[in-house]
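Enquirer: Generate a structure from the sequence data that follows.
(3 chains)
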Amino acid sequence: MRGRPESTIRVIYRKLLTAYGPQHWWPADSPLEVVIGAILTQNTGWKNVERAIDALKEAGCLSWHRLHNLTEEKLSDLIRSSGTYRVKAARIKAFVDALFRDHAGSLDAMLGGDLETARKRLLSIAGIGPETADAILLYAGGRLTFVVDAYTRRILRRHFLATPKDDYESIRQIFHKAAEPQEQIYNEYHALLVELGKRHCRPRAACDECPLRHLPHDPSL
DNA sequence: TGCCAGGCCGGGT
DNA sequence: ACCCGGCATGGC
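Expert: Below you'll find the predicted structure:
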């Protein structure tokens, strides 16, 4: 007796995990580093972000209180290597300000409680959009919310699981409905999609070794 | 040597 | 409701 066919979303997860193995995300030593990294990596390669985090570490500024007391100008200097550094300094400041103003400096408090409520709190901070909010909730807070990035959208379109008119929320719901609802799975799945994206969803990338090449897809997407 | 990266915001149609 | 430019460094 055959059960209901496994959804393509689950098949993709299995294939990626087999091909690449566990990714051990988020690449950070603490929830604080996850938050800072999530903001710094906006439209920026991770290498540049690592440098900026190293500089913050070197300067002894990787604590909420230190960040809170640092001037925005000084902060922007330290994170220069991550690009768009004035914008990002303001965004980190806005986050830290909200953390102390509304949650007495407790990240657990900020990320706790009802999920959608916590998510809306983050989205109300200037510079925290849906992807950054979900990354913080999942990787710093251990909350069950799927992170959708540009690679994820592109991969789903390639495999006819989404169309160009599907927005962030609709793609997020595709995963919430089809993937196994476990934090560990969401954690690994997003990381695996990024790995796939880096290897096969860039200009000049070859598809002949793509782990998903045997699934129905449109190579031109 | 250009083009691009694990977005987000604000202004113009 | 979309669409687009700005933000900016370092890697490939």
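Enquirer: DNA strand B contacts on chain A?
Expert: Residues of chain A lying near DNA strand B by CB under 7 Å from any atom of the strand: A:25-27, A:37-38, A:41-46, A:48, A:83-84, A:87, A:126-133, A:135, A:139, A:149-151, A:194, A:197-198, A:202-203. Quick note: C-beta positions are derived from backbone N, CA and C, even for glycine.
Enquirer: from chain A, which residue is nearest to DNA strand C?
Expert: Relative to DNA strand C, the nearest point of chain A is A:G83 (2.6 Å; CB to the nearest atom of the strand).
Enquirer: these two touch, right, that residue and A:N48?
Expert: Yes. Judged on CB atoms under 8 Å, A:G83 makes contact with A:N48 at a distance of 6.0 Å.
Enquirer: so who does A:H159 touch?
Expert: Taking CB atoms under 8 Å, 6 or more residues apart in numbering, we find A:H159 in contact with A:T8, A:I12, A:L212, A:L215, A:P216, A:H217.
Enquirer: From A:I125, how far out is the residue of chain A closest to DNA strand C?
Expert: Distance, A:G83 to A:I125, by CB to CB, to the nearest Å: 20 Å.
Enquirer: And these two? Which one has more around it.
Expert: A:I125 (20 against 16; other CB atoms under 10 Å).
Enquirer: Mind telling me what element the more buried one is part of?
Expert: Assigned by DSSP states H and E, A:I125 falls within no helix or strand.
Enquirer: Below-threshold pLDDT in chain A: ranges please.
Expert: Counting by pLDDT under 70, the ranges of chain A that qualify are A:1-4, A:202-205.
Enquirer: Closest approach to DNA strand B from it, which residue is it?
Expert: A:G129 (2.2 Å).
Enquirer: Dead centre of chain A: give me the residue that sits there.
Expert: For chain A, the residue nearest the mean C-alpha position is A:A135 (3.8 Å; CA atoms, centre = their mean).
Enquirer: ok, it - contacts?
Expert: Residues in contact with A:A135 (CB under 8 Å, 6+ apart) are A:W26, A:V34, A:A38, A:V147.
Enquirer: pretty sure the second one is touching A:A28, no?
Expert: Yes. A:V34 is within contact range of A:A28, at 4.7 Å (criterion: CB under 8 Å).
Enquirer: Same drill for the two, tell me which one is more crowded.
Expert: Applying other CB under 10 Å to A:V34 and A:A28 shows that A:V34 carries more neighbours, namely 21 against 17.
Enquirer: excluding its backbone neighbours, what's nearest that one?
Expert: With sequence-adjacent residues excluded and distances taken as CB to CB, 6 or more residues apart in numbering, A:V34 is closest to A:A140, at 3.9 Å.
Enquirer: just curious, which of the contacts of A:H159 is nearest to A:R91?
Expert: For these, the closest approach to A:R91 (CB to CB) belongs to A:I12, at 31.9 Å.
Enquirer: now that closest one, nearest residue through space, not along the chain?
Expert: The shortest distance from A:I12 to any non-neighbouring residue, by CB to CB, 6+ apart, is to A:L212 (6.3 Å).
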